[in-house]
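**Student:** I would like to see how this sequence folds:
(one chain, ligands or ions: 1)
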Amino acid sequence: MSGNPTRERYAVIGNPVGHSKSPFIHGRFAAQTGEPVEYGHLLAPLDAFVPHVRAFIEAGGRGLNVTVPFKLDAHAFANMLSPRAAAAGAVNTLRVDADGIYGDNTDGVGLVRDIEVNLGVSLKGARILLLGAGGAARGVVLPMLERAPHTLTIVNRTAQKAEALVYQFAQAASGAHCRLTGGSARAIEAGRYDVIVNATAGSLDASLPECDDCAFGNGTLAYDMMYGAHPTIFMQHAAKLGARGADGLGMLVEQAAESFYVWRGVRPDSAPVLAELRALLTAPSPA
Ligand code: ATR
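**Tutor:** Residues are numbered from 1 along each chain as shown. Next comes the predicted model:
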């Protein structure tokens, strides 16, 4: 990363990290808001997250986005955690403060904002089905509960992990007057869900998580946290059952916008950046 003394330094740290779209997104946010932000990427060896973060901070770095596989390391590294990062057990945003390192997790609110603002589907009073119970799923449970849905059903191939999430978030659900249940695919309730979120890693190897077809229908938003140039297998399956599909590109841009806000106190306009990224993603590659 080149040093520009008039700009404050931020980066995304991961392994691998060269493919990350975060430098592009934050570059657009900085240009749009006029904030003096310089944003690059930082490749850390798998066993050397902490020394790389320390060196970045010593060189004047002000904040980091954290991606695979370091979100748990970042959670352990932070001295202060936002409630949503504590609930997620993972950190995707580090901010260097005068009194220590603040850890936050903007993934969940990124998903919620994409669904509610960009896709226009309110989660308040909705019936939500969450597929998966790994890190990606756990990170979105609290921000979804904060929107006071009617029902949240968490289903996972390994049922115990879904049951553990139900136990962990029981109090938050009760406070939100939301019925929180979960387990194996048998926990899926009768009738169409309003929103089904695929938070499994299934789309990576083009496999479909187990899910009753009756959960999908007209009026269902079937949201895959993965994204690509083409609709994912989960989105294709949902479309055959009459549901509307969405991929996770909007979540990517919205979590970045929230991180930018955490660092700078300024909220960028995500819409033009999402439109530009979508166009780049779907443009035919040069022969
Ligand atoms: P992440 O941090 O991306 O969530 P993870 O913690 O490894 O990654 O979790 C991956 C999730 O995808 C889990 O819910 C996993 O199910 P298990 O807990 O049973 O392993 C789920 N998953 C991965 N591949 C899957 C597949 N082919 N079908 C269904 N679920 C799958």
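
**Student:** switch to C-alpha atoms for all contacts and neighbour counts from now on
**Tutor:** Fine.

**Student:** my read is Tyr193 is in a strand, agree?
**Tutor:** No. Counting by DSSP: H, G, I helix; E, B strand; the rest coil, Tyr193 is located in no strand; its state is coil.

**Student:** From Ser203, how far out is it?
**Tutor:** Separation of Tyr193 from Ser203 (CA to CA, to the nearest Å) stands at 21 Å.

**Student:** which one of these two has more residues nearby?
**Tutor:** A count of neighbours by other CA atoms under 10 Å puts Tyr193 above the other of Tyr193 and Ser203, at 24 against 19.

**Student:** can I get the CA coordinates of stretch 273-284 in PDB?
**Tutor:** This file holds the C-alpha atoms of stretch 273-284, laid out as PDB (Å, rounded to 0.1, in the frame of the first residue of the first chain):
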ATOM      1  CA  VAL A 273     -21.800   1.700  -6.100                       C
ATOM      2  CA  LEU A 274     -24.000  -1.400  -6.100                       C
ATOM      3  CA  ALA A 275     -25.200  -0.600  -9.600                       C
ATOM      4  CA  GLU A 276     -21.700  -0.200 -10.900                       C
ATOM      5  CA  LEU A 277     -20.500  -3.500  -9.300                       C
ATOM      6  CA  ARG A 278     -23.500  -5.300 -10.700                       C
ATOM      7  CA  ALA A 279     -22.700  -4.000 -14.200                       C
ATOM      8  CA  LEU A 280     -19.100  -5.100 -13.800                       C
ATOM      9  CA  LEU A 281     -20.000  -8.500 -12.500                       C
ATOM     10  CA  THR A 282     -22.400  -9.300 -15.300                       C
ATOM     11  CA  ALA A 283     -20.400  -7.700 -18.200                       C
ATOM     12  CA  PRO A 284     -19.200 -10.300 -20.700                       C
END
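
**Student:** Name the surrounding residues that touch it.
**Tutor:** Here stretch 273-284 makes contact (CA atoms under 8 Å, 6 or more residues apart in numbering) with 25, 28-29, 228-230, 249-250, 253.

**Student:** Over to stretch 28-43?
**Tutor:** 1, 4, 6-18, 20, 23, 26-27, 257, 260, 264, 266, 268-270, 273.

**Student:** Show me what counts as buried in that stretch.
**Tutor:** 28-30, 35, 37-43 (16 or more other CA atoms under 10 Å).

**Student:** I'd like to know which of those residues is nearest to the ligand.
**Tutor:** Proximity to the ligand was ranked across the buried residues of stretch 28-43 by CA to the nearest ligand atom; first place goes to Leu43, at 19.1 Å.

**Student:** hey, what's the closest one bridged with?
**Tutor:** In this entry, Leu43 is beta-bridged to Gly14, by DSSP bridges.

**Student:** Run through the helices of the stretch 51-200 of the chain in chain order.
**Tutor:** 71-77, 83-88, 107-113, 135-145, 159-168, 170-175 (DSSP state H, counting those that start in this stretch).

**Student:** Could I get the pLDDT score of Met226?
**Tutor:** For Met226, the pLDDT comes out at 96.

**Student:** The one 10 residues further on too?
**Tutor:** At Gln236 the predicted local confidence, pLDDT, stands at 97.

**Student:** For this protein, which residues are neighbours of the ligand?
**Tutor:** Counting by CA under 6 Å from any ligand atom, the chain comes close to the ligand at 132-137, 156-158, 200-202, 207-209.

**Student:** can you rerun that using 8 Å?
**Tutor:** 131-138, 156-159, 161, 199-203, 205-210 (CA under 8 Å from any ligand atom).

**Student:** Cheers, nothing more for now.
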